[in-house]
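> Need coordinates for the below:
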Amino acid sequence: MKKKLVLLFGALLLACSFPITNSAAGKQLFSDVPPSKHFAQAVNELAERHVIGGYPDGSFKPGNPLTRGQAAAIIVKLTGIDTTNVKDPQFKDVTKTNGSYEAIAALAQAKVIGGYEDGRFGPNDPVKRGQLASILVKAFDLPRYDFYGMKNPFQDIAGNQSHSANILILHKYGIVNGVAPNRFGLNEPVTRGQAAKMMRATEQENIPMISLTPKELGMDGLYSVIWEQDQNVYESIVTRDTPYGPGRLQLIALKEGKATLNISGYNGDSPIDEEERVYRKYYVHVKKTTDGLKLSIEETDDYLPTEAPLELSKKEKIKKVQLYSTTGKLLDSDAAIHTCKDQQTCLTIDKTGNYHAVAELTNGKKIRYAIHAKEPEHAYFHYDMDVLRERPSYTFNVEELFEKNGYYDQTMARKIGKHTIVTKHAEQIATITRDSGTNVFHVTAKKVGTVEVTFENPVYFTGEVGDGVSGMITGMEVKVREVNGLVNVSASQVYEFNY
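Predicted coordinates for the structure are as follows:
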């Protein structure tokens, strides 16, 4: 088993972020920043670290607007972003003689800041509250939660605004509030006092997470991530600087434990080309330490035991299951079963191969199942499972097929009218008969294949509540399948969706 440990801790390492003594809050370093001001502690702490400064007259002027150039210079000092050998961002109004040139260029190169559509940066323009929110989220690499997944108390913030998600991220972590309980003030300038408080609060936010670039995952770009839906150990976010950018993976620790993670990406320039796809799988470990939760990932080629759902009718209940190889060798005389997804009864398979399972029901009846477990095509943790109940002949009422729909016209379901077999040479696949005056069909398999049957009267349906799916059920498919020598007949609906 190949395992590679990638240990990355959630604490953001900041070059200038050393401990501050409690005396910073009590001192009055500037004549116009008394200790009673809500931003006094942040101003004093940043000033003691020489991150920000005041004016020659001993004042700080906390009510003055902070400029975009000043904001860039402060952020660079706080985060320690390298300003050497930076690329010229080509802003029309930022020359190399500008005092904030290196800071602006470094942040532009890191895609933390951008300019205006006309090619200017506006270094002397006041930085607006929405702009600063985006700068802080990107500079300190906060979790990029989706706008619609966060609580929004602000009436002046909507999902189609450029800084809206970043504003709610800062609000989620208690870093910033609005100018009023229901208004953020998106385009209002940020004062020097407000900026100091927001920057210091962001710097102090110790989120237990790691952030990984595609290169660190052995690929050129990220495509998607998959994790177990019921796990609550961590959450995953793929964030991109541009809609089609290579992306970055953020993993946020939620509680101590172990879970799985599948990542798909690509090498080369095209995320669409299947030949360029790359797949990786990892264990995610979250441990509780004296400094809080710490998250790490461990690449693996493990496969995990996989559930094989055993098809049963509503009235059927399993008493005991025996598992055999296809050669008839008894592998487990009393295989463990459990209730799995959608209240199905499942048997767990921990090795690839072909199996037969014999289920003894509580009424004494025995049912045989064929199970084929194979390694997945891509780097997933669970096997691809093909499970088939032996049923070479099948009698069913068409009305039973409608029960999985959220809503359907029950009256019309009883009045489907005449049925027409539209598949050519269907008699070679199965014999299909219908009891006169009923919706009861009898099917006997002949060979593997699918037979399509249309109804004279389509039936209106909708899906589960909230999924927005609706349309007409126009008929059914009768399918004959074979796995490991066992044959199964099944029936399912044929839909025409409304768009």
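> Compute the first-to-last residue distance for stretch 99-114.
Start-to-end span of stretch 99-114 (Cα to Cα, to the nearest Å) is 18 Å.
> From the chain's centroid, how far away is that stretch?
30 Å (Cα atoms, centre = their mean, to the nearest Å).
> now do stretch 474-492
For stretch 474-492, the distance to the chain centre is 34 Å (Cα atoms, centre = their mean).
> One more: stretch 322-336?
Relative to its chain's centre, stretch 322-336 lies at 38 Å (Cα atoms, centre = their mean).
> list the buried ones in it?
For stretch 322-336, a neighbour-count test (16 or more other Cβ atoms under 10 Å) marks Gln322, Leu323, Tyr324, Thr326, Ala335 as buried. (Each C-beta comes from the backbone N, C-alpha and C, glycine too.)
> Out of these, the closest to Asp156 would be?
Set against Asp156, the nearest of the buried residues of stretch 322-336 by Cβ to Cβ is Ala335 (60.4 Å).
> Nearest to Val176 among the buried residues of stretch 322-336?
Within these, the smallest distance to Val176 is 56.5 Å, found for Ala335 (Cβ to Cβ).
> if we can go back for a sec, which pair in the buried residues of stretch 322-336 has the greatest spatial separation?
Between any two of the buried residues of stretch 322-336 (Cβ to Cβ), the greatest distance is 15.6 Å, for Thr326 and Ala335.
> which of the buried residues of stretch 322-336 lies closest to Pro62?
Ala335 (71.4 Å).
> returning to that earlier point: any chance of the buried residues of stretch 322-336 in a markdown table, plus pLDDT?
Formatted as a markdown table, these follow (pLDDT from 0 to 100):
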| residue | pLDDT |
| --- | --- |
| Gln322 | 98 |
| Leu323 | 98 |
| Tyr324 | 98 |
| Thr326 | 96 |
| Ala335 | 97 |
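> So which of the residues you listed sit within helices?
Among the buried residues of stretch 322-336, the subset assigned to helices under DSSP state H is empty.
> So which of those residues are in strands?
Gln322, Leu323, Tyr324 (DSSP state E).
> Now do the same contact list for the first one.
If I follow you right, that is Gln322. By Cβ atoms under 8 Å, 6 or more residues apart in numbering, the contact list for Gln322 reads Leu330, Asp332, Ser333, Asp334, Ala335, Ala357, Val358, Glu360.
> same deal with the second one?
For Leu323, the contact set (Cβ under 8 Å, 6+ apart) comprises Leu330, Leu331, Asp332, Ala335, Leu347, Tyr355, His356, Ala357.
> hmm, back to that, in strands only, show me the contacts of Gln322.
Judged by DSSP E, the contacts of Gln322 include Leu330, Asp332, Ala357, Val358, Glu360 as members of strands.
> Dump the residues you listed to TSV, plus distance to Lys351.
Listed next are the ones in strands among the contacts of Gln322 as TSV, based on distance: Cβ to Cβ, whole Å:
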residue	distance to Lys351
Leu330	16
Asp332	12
Ala357	14
Val358	19
Glu360	23
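> Among those, find me the one that's closest to Glu274.
Ala357 (34.9 Å).
> Next one: the closest one from Val225, what distance?
33 Å (Cβ to Cβ, to the nearest Å).
> So for these two, which residue has more residues nearby?
Using other Cβ atoms under 10 Å as the criterion, Ala357 and Val225 rank with Ala357 on top: 24 against 18.
> Quick check: beta-bridge partners of the residue lying closest to the more buried one once chain neighbours are set aside?
Once flanking residues are discounted, Ala357 sits nearest to Tyr369: 4.3 Å by Cβ to Cβ, 6 or more residues apart in numbering. The partner list for Tyr369 in beta bridges (DSSP bridges) reads Ala357, Arg389.
> so what's Tyr369 up against?
Applying Cβ under 8 Å, 6+ apart to Tyr369 gives the contacts Ala308, Leu310, Glu311, His356, Ala357, Val358, Ala359, Val387, Leu388, Arg389, Glu390, Leu486.
> ok, the spatially closest residue to the second one that is not a sequence neighbour - contacts?
Setting aside the residues directly before and after it, Leu310 is nearest to Thr345 in space (Cβ to Cβ, 6+ apart), at 5.1 Å. For Thr345, the contacting residues are Pro309, Leu310, Leu312, Ile318, Ile337, His338, Thr339, taking Cβ under 8 Å, 6+ apart as the criterion.
> Give me the subset of those that lies in strands.
Counted as lying in strands by DSSP E, out of the contacts of Thr345, are Pro309, Leu310, Ile318, Ile337, His338, Thr339.
> Please type out the ChimeraX selection for whichever of those turn out to be buried.
Here is the ChimeraX selection string for the buried members of the ones in strands among the contacts of Thr345, based on 16+ other Cβ under 10 Å:
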select :309,310,318,337
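> Export the ones in strands among the contacts of Thr345 to CSV and append columns for distance to Ser492.
Formatted as CSV, the ones in strands among the contacts of Thr345 follow (distance: Cβ to Cβ, whole Å):
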residue, distance to Ser492
Pro309, 16
Leu310, 18
Ile318, 24
Ile337, 25
His338, 26
Thr339, 23
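> Would you mind putting the ones in strands among the contacts of Thr345 into a markdown table with pLDDT and distance to Gly53 alongside?
Formatted as a markdown table, the ones in strands among the contacts of Thr345 follow (pLDDT from 0 to 100; distance: Cβ to Cβ, whole Å):
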| residue | pLDDT | distance to Gly53 |
| --- | --- | --- |
| Pro309 | 97 | 67 |
| Leu310 | 97 | 72 |
| Ile318 | 96 | 75 |
| Ile337 | 96 | 71 |
| His338 | 95 | 65 |
| Thr339 | 93 | 65 |
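> Determine which two of the ones in strands among the contacts of Thr345 are furthest apart.
Farthest pair in the ones in strands among the contacts of Thr345 (Cβ to Cβ) is Pro309 and Ile318. Separation: 11.9 Å.
> isn't Thr326 right up against Ala357?
No - taking contacts as Cβ atoms under 8 Å, Thr326 lies outside contact range of Ala357: 11.1 Å.
> May I see the buried residues of stretch 88-100?
Under the neighbour-count criterion of 16+ other Cβ under 10 Å, stretch 88-100 has Pro89, Phe91, Asp93, Val94, Asn98, Ser100 buried.
> what's the span of that stretch from first residue to last?
Taking Cα to Cα as the measure, stretch 88-100 stretches 12 Å from start to finish.
> Distance from the chain centre to it, please.
39 Å.
> again with stretch 300-313
22 Å.
> now swap in stretch 38-45 and tell me
Relative to its chain's centre, stretch 38-45 lies at 38 Å (Cα atoms, centre = their mean).
> Any of the contacts of Tyr369 buried? List them.
Neighbour counting by 16+ other Cβ under 10 Å classes Ala308, Leu310, His356, Ala357, Val358, Ala359, Val387, Leu388, Arg389, Glu390, Leu486 among the contacts of Tyr369 as buried.
> can I get the residues you listed in CSV with distance to Tyr282?
CSV is the format used below for those (distance: Cβ to Cβ, whole Å):
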residue, distance to Tyr282
Ala308, 25
Leu310, 31
His356, 34
Ala357, 32
Val358, 38
Ala359, 36
Val387, 28
Leu388, 33
Arg389, 35
Glu390, 39
Leu486, 37
